[in-house]
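> only geometry, no sequence info:
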C-alpha cells in the first residue's frame, strides 16, 4: 500500500513537472531577459535619438519584465552593425538592430555590405520624409528651376538616397546643374545655401525642422519646390501634410511636362523612395532568430506604434507622425529589394559614382 | 534695438538660472563635467550623450542647466590630463601639452593648472559675453567663410602646428602630411570607394581620432613611466619650488593682454562651423609664439604656451552656441546635440531667440558664465590634490590610465580595430619619440584632413577650378601662412646660429679636453634616418596605390604624397649628413646602432608593447571585463613588484569602474569573446553574466 502511495506520489510529481515543462508557454519569450539593440548610428545623432525614444515606449509593451538596452555601433552607414548581426549576431534574438539599411548600395555592389538583407528579419520600420530646397533668388516657382542658370546642388555624399533623388528629380526635368557633395551635415549645407555657394539641396524631415523651417524658410530665403514621398501599391505618391503646401515631385513633373514620369531614371527614383525612404528607422533581427521571439518582437513593435499615447508623444517631440510598417510588410520589402531592372541599376550606379561633376 | 527689453531679458535670464531647481542642476552638471573632462577619452560629447536621456522629462531651463553646466566645463578640466599625463584630454587641448607636460615634469603642475584654470574661466566668460554683444556680426562672418576660406584656414592651422611643434620645419610638415594621408583612410567623400582600408571593416569607416590621439601621445608617455618607474614630476615634491597654484594665477594676470587676444581668437574662429574646436588652440598657440620677443622656452615649459590655448579653447563654447540658437547653425557636434535637445524641449532656433525668447538666450549665456566661474573655483580648491598625482610612483599610474586609454578608444566604434589602431599608433608614437620627430601635427592633420579634402573639392566644384584663390579673405589667410613660414624659418636660422656660436665657444674652451662629446647628441640620428626612409616609402606606395582610383578620389592623396616625397628626400639628405658626422665620431655603424638602441631601451619597450598586445589577445578569449583587470594584476605584480593585496585591490577598482560606468551608465557594446559564446548558456539564469562578460 505504502509502495503504491509512494509510486503514485512520484508519478504525480513527475507528471506535474513534465506538464509544466511541456505546457505551451503563454509567457513572453523575452520575459525576464535583456535585449541589446545595436544602434547603427552615432550616439546623439538624429537616428540615435529616434531609437532611444522609441525603445523607451517599446519596453513597456513587453508583458513581464523585459529590459531593452541601446548600444551604439556606428560605422559605414549602419553596415558595420548589420554585418555583425548577420555574421556574428547571437541567434537567440537577444541582439537586434536599429538603423538604416542600404538597398541602393546592395544592388549596385557597394563594397563592405556583406549582410544578406533577405535573410535578416524585419521587425518593423518607420519612414522618413524628404524635401528639396532652392534659393528664392534662383527660383521663385518650381517652373523656374528648369531654366535656372548655374544651378549648384549641394549634398553630403553620393551614397545617400536624398542626394540621389535631389539629382534624379532635376535630371528628369532636364535641368542643367552641377552636383557638389562633401558637406558635413545639414548645418554646412545650410551655410552653403545661404552664402550662395550652392543653391539647391534636399534634406530629411529632421534637417528641415532643425535647420530650415523657422529660419531660412520662414524668412523666405529658401523655398521648397517639391518633396519626395514613397509610393503606394498603385504607384501613387503617399499623401502627407508634413511639408504644408508642397507638392510631391511627380505631381510637379506632371504639371510642368504634361505627362507622368517614366523610364529607368524614374524607376530608380521610385526604388530609392520606396525602399530607402520608406524604411529609414528599421528594427532588424538576426537570420536564425526563433520564430516565437520574432513573433513577440513584431507584436510588441506594432503595439507600440499603434498606441495613440506613443503617437502623440512622438508628434510632440518631432512635430510629425511617421508612417510605420509592420514586420511582415518590412520582410516583403526586404525580399523585393532585387526587383529592379538592370537599366535602373545602371542609373543608380551612375549617381553613386558621381561625386562632383 | 529696445534696450529696456534687452535689460529686462538680461535680468530675467539671470533669474531663470538662479531659480530652483535650475541652479541645482547647473551645479550637478558642473560636477559631472569636471569628472568627464578629466578622464582621457571622454569629453563634452560623451557627457551630452549620457545626460540627454535624463533631461527628457525635465522643464527646459533645468534641463539646459544640467547639459550646459557639464558641456561648458569639460574644456577646463581636460587640462588635467594634458598637463599631468601629456595626453590631450580632448581635441581642443592638444596644444596645451606642448608646454603643460614639461612643466609637470619640472614639478610645476600646480602653476600650469592654476594659470590654465584662471584663463579658462576668463575665456569662457569672455566668449559668452562677446558673442552675445556682437550678434549682428555673427551671420556675416559665418557667411563670409565659405569652403575656400575654410580650406585656407585649415592650411593655416596645419602650417602653424607643422612649424611650431618641433625643431625641424621639414619634419613638422611631413608629419602633418602623414596625418593628412591617414585622414584619407576609408570611404572617399565623393565616391563609395574605400581608400587604404585593406578590406578591414574598421578602416573602411576611417581611422578613429581617439585611438590615434591616445596611442600617439599617451602610450609612449606611459611607457616612460613604466620603464623608469619615476613619478610624472622628475623632481620630488619638496624640491618643487615656484610651481604653486597662485604662481599660475599670477602668470595669468601678468599675461592679461595675451589672454584677451587669445580669447578673441577662440571666440571668433570657434564659431566657424566644423573647423573651430580642432584648430583654435593651435592658432592661439602659434600667435603666442610669434608675438613673443623671447620664444626660446616654448615647448620646454613656457607658461604662455599653456595660457594661450586654454584661453582660446574655452572661449569657443560661447562662440558656438549663439549662432546655434539664433541661426540654427551649430558650430560643432556638441552644439548640434544641444540644438537637438533644444528642439526636444520645444525651443526653436530663430530670430525669436533675439526677441520674444531673448531671456532664454541670456539664460544660456549666464549658464556658461556661471559654469566657468564655479568650475574654476572648484578646480582651484581641488588642484592641490590633483597635483599630487604628479608625485605618485609611475607604476601606480600606468594600469589605471591604460584602462582609460583602452576604453576611450573603444567608445568611438566598439570595434577591436580601435584597439589594434591604439597599439599601432602607440608604436608609431614611440618610434617618433625616439627619433625626435614631432607628433602634434598628425593629430590636427587627421582632424582637418577630410575637412580640407571636402572644402578643396567643393571650392574647385563651385568656383570652376582655382578662381577661389583670388577671394579677398583667401588672400589674407594666404599672407598669414607666408608670414608664419617666414617667422618659422627665421627662428630656425636664429636657433642654428646660436647653436653654432655655442659650439664654437665650447670648442675654444675645451679644446683637447673633450673632443668626443656624444652626450651632447640628444637625438638618435639612426632612427630618424630610418624613419625618414620609411615615410618616403610609405608616401611612394600611397601615391602609386591611389593611381587606380577616379580623379576626385585620388586627387587629395596625390596632392599630399608628391610634396611629401620631396620633403622626405630632403630629410633623408639632411639626416644622412648628420649620420655621416656621427659615423666619424663613433667609428662604425654598428656602434651607432648599439648606442641608439641602448638609449631607446628597445628591449624593455618590446616587453611593454607585449603587455598591450596581451590585453588585446586575452580580450579575444575572455572579454574586456576580465582582460583589463587581469592586466592590472599582472602588471603590478610582475613589473611593478607590488604585493597581491595592492594588485588585486587596484584591479577590483578598475573592474568596478568598467562595469559601473562603461557598462551600466554608458551601455557600451562589449567585444563578443570566445568565452561569451558558450559560458552564459552554462550558467544558471539568476547569475548576472554582465558582471564578467
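That came in fine, so what should we check first? Quick caveat, the model's predicted, so the values are computed rather than measured. Residues are numbered from 1 along each chain as shown, chains lettered A, B, ... in the order given.

> ok but residue A:241 is inside a strand, no?
No. Counting by DSSP: H, G, I helix; E, B strand; the rest coil, one finds residue A:241 to be coil, located in no strand.

> quick one, phi psi at it?
phi -120, psi 30 (degrees, to the nearest 10).

> what about it, how many residues close to it?
Taking other Cβ atoms under 10 Å in any protein chain shown as the neighbour definition, residue A:241 ends up with a count of 8. Every C-beta, even on glycine, is put in place using the N, C-alpha and C of the backbone.

> Likewise for the one 10 residues further on?
The number of residues packed near residue A:251 is 16, by other Cβ under 10 Å.

> State the distance from it to chain B.
29 Å (Cβ to the nearest Cβ, to the nearest Å).

> Isn't that residue up against residue A:237?
Yes. Between residue A:251 and residue A:237 there is a contact at 7.0 Å, judged by Cβ atoms under 8 Å.

> any shared contact partners between the two?
When Cβ atoms under 8 Å, 6 or more residues apart in numbering or on different chains defines a contact, no residue borders residue A:251 and residue A:237 alike.

> Can you give me the pLDDT of residue 23?
Unless you meant another one, I'm taking chain A. Reading off the per-residue confidence, residue A:23 sits at a pLDDT of 46.

> could you do chain B instead?
What the model reports for residue B:23 is a pLDDT of 90.

> now residue A:3
We have a pLDDT of 67 for residue A:3.

> Can you give the domain ranges for chain B?
When chain B is parsed into structural domains using automatic domain parsing, the resulting residue ranges are B:20-470, B:524-600, B:603-691.

> need the contact list for residue A:205.
By Cβ under 8 Å, 6+ apart, residue A:205 lies in contact with A:128, A:129, A:130, A:131, A:242, A:318, A:320.

> so where's the stretch 251-357 of chain A uncertain?
A:353-357 (pLDDT under 70).

> For it, which segments are assigned as helices?
When secondary structure is read from DSSP state H, counting those that start in this stretch, the stretch 251-357 of chain A shows helices at A:264-271, A:291-306, A:308-318, A:327-335, A:342-352.

> Give me whichever of those helices is most buried.
Between the helices of the stretch 251-357 of chain A, helix A:264-271 has the highest mean count of neighbours, a mean of 21, where neighbours are mean count of other Cβ atoms under 10 Å in any protein chain shown.

> Report all helices and strands that it contacts.
Helix A:264-271 sits against helix A:103-108, helix A:161-173, helix A:342-352, with contacts defined as 3 or more Cβ pairs under 8 Å, 6 or more residues apart in numbering or on different chains; DSSP states H and E.

> Show residues contacting the first one.
Contact partners of helix A:103-108, identified using Cβ under 8 Å, 6+ apart, comprise A:77, A:79, A:110, A:113, A:117, A:159, A:161, A:164, A:271-272, A:275-276, A:337-338, A:340, A:345, A:348-349, A:352, B:192.

> and those residues, which are buried?
When burial is judged by neighbour count using 16 or more other Cβ atoms under 10 Å in any protein chain shown, the buried members of these are A:77, A:79, A:110, A:113, A:117, A:159, A:161, A:164, A:271-272, A:275-276, A:337, A:340, A:345, A:348-349, A:352, B:192.

> Can you give me the neighbour number for the closest residue to chain B within the stretch 201-350 of chain A?
Taking Cβ to the nearest Cβ, chain B has its nearest neighbour within the stretch 201-350 of chain A at residue A:214, 4.0 Å off. Other residues within reach of residue A:214 by the criterion other Cβ under 10 Å amount to 18.

> cool, and the one 5 residues further on?
Close neighbours of residue A:219, defined as other Cβ under 10 Å, add up to 12.

> Quick check: residue A:97 is in a strand.
Yes. The assignment for residue A:97 is a strand, going by three-state DSSP.

> How much space separates it from residue B:160?
Applying Cβ to Cβ, to the nearest Å, one obtains 43 Å for the distance of residue A:97 from residue B:160.

> So which of the helices and strands packed on helix A:264-271 is nearest residue B:308?
With Cβ to Cβ as the measure, helix A:161-173 is the member of the helices and strands packed on helix A:264-271 nearest residue B:308 (40.7 Å).

> does chain B sit close to that closest one?
No. Where contact is defined by Cβ under 8 Å from any Cβ of the partner chain, no part of helix A:161-173 touches chain B; the two come within 11.0 Å at best.

> Which strands or helices does that helix pack on?
Helix A:161-173 is packed against strand A:130-135, helix A:142-147, strand A:151-154, strand A:177-180, strand A:200-204, helix A:249-257, helix A:264-271, helix A:342-352, with contacts defined by 3+ Cβ pairs under 8 Å, 6+ apart.

> quick one on the thing from earlier: of the helices and strands packed on helix A:264-271, which approaches residue B:154 most closely?
Checked against Cβ to Cβ, the stretch from the helices and strands packed on helix A:264-271 lying closest is helix A:161-173, at 23.7 Å.

> Quick one: distance of the closest one to the chain centre.
18 Å (Cα atoms, centre = their mean, to the nearest Å).

> List the contacts of it.
Helix A:161-173 is touched from outside by A:104, A:130, A:132, A:145-146, A:151, A:153, A:155-158, A:177, A:179, A:181, A:200-204, A:226, A:228, A:249, A:253, A:256-257, A:261, A:265-266, A:268-269, A:272-273, A:276-277, A:347-348, A:351-352, A:354, with contacts defined as Cβ under 8 Å, 6+ apart.

> other SSEs contacting whichever strand or helix holds residue B:475?
Here residue B:475 sits within helix B:472-510, counting by DSSP states H and E. Applying 3+ Cβ pairs under 8 Å, 6+ apart, one finds that helix B:472-510 contacts helix B:147-164, helix B:169-183, helix B:276-290.

> just checking, what packs against the helix or strand following it?
Secondary structure here is assigned by DSSP H and E; on that basis, the next helix or strand after helix B:472-510 toward the C-terminus is helix B:525-546. For helix B:525-546, the contact count by 3+ Cβ pairs under 8 Å, 6+ apart identifies helix B:169-183, helix B:416-434, helix B:551-586, helix B:589-600 as packing neighbours.

> returning to what we had before: point out the most buried one among the domains of chain B.
Between the domains of chain B, the one whose residues have the most neighbours on average, counting mean count of other Cβ under 10 Å, is domain B:20-470 (a mean of 23).

> Start and end of that domain, how far apart?
End-to-end distance of domain B:20-470: 55 Å, with Cα to Cα, to the nearest Å as the criterion.

> chain center to that domain: distance?
6 Å.

> Out of the helices and strands packed on helix B:525-546, flag the one nearest chain A.
helix B:551-586 (4.8 Å).

> before we move on, back to that, now the helices and strands packed on helix B:472-510 as JSON lines including distance to chain A and mean pLDDT?
Shown next, in JSON lines, are those (distance: least, Cβ to the nearest Cβ, whole Å; pLDDT from 0 to 100):
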{"stretch": "helix B:147-164", "distance to chain A": "6", "mean pLDDT": "82"}
{"stretch": "helix B:169-183", "distance to chain A": "13", "mean pLDDT": "90"}
{"stretch": "helix B:276-290", "distance to chain A": "13", "mean pLDDT": "79"}
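
> May I see these organised as CSV, with distance to residue B:255 added?
Conversion of the helices and strands packed on helix B:472-510 to CSV gives the following (distance: least, Cβ to Cβ, whole Å):
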stretch, distance to residue B:255
helix B:147-164, 18
helix B:169-183, 25
helix B:276-290, 9
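
> mind checking how far residue B:546 is from residue B:555?
Here the distance between residue B:546 and residue B:555 works out to 9 Å (Cβ to Cβ).

> actually residue B:606, sorry about that
Applying Cβ to Cβ, one obtains 40 Å for the distance of residue B:606 from residue B:555.
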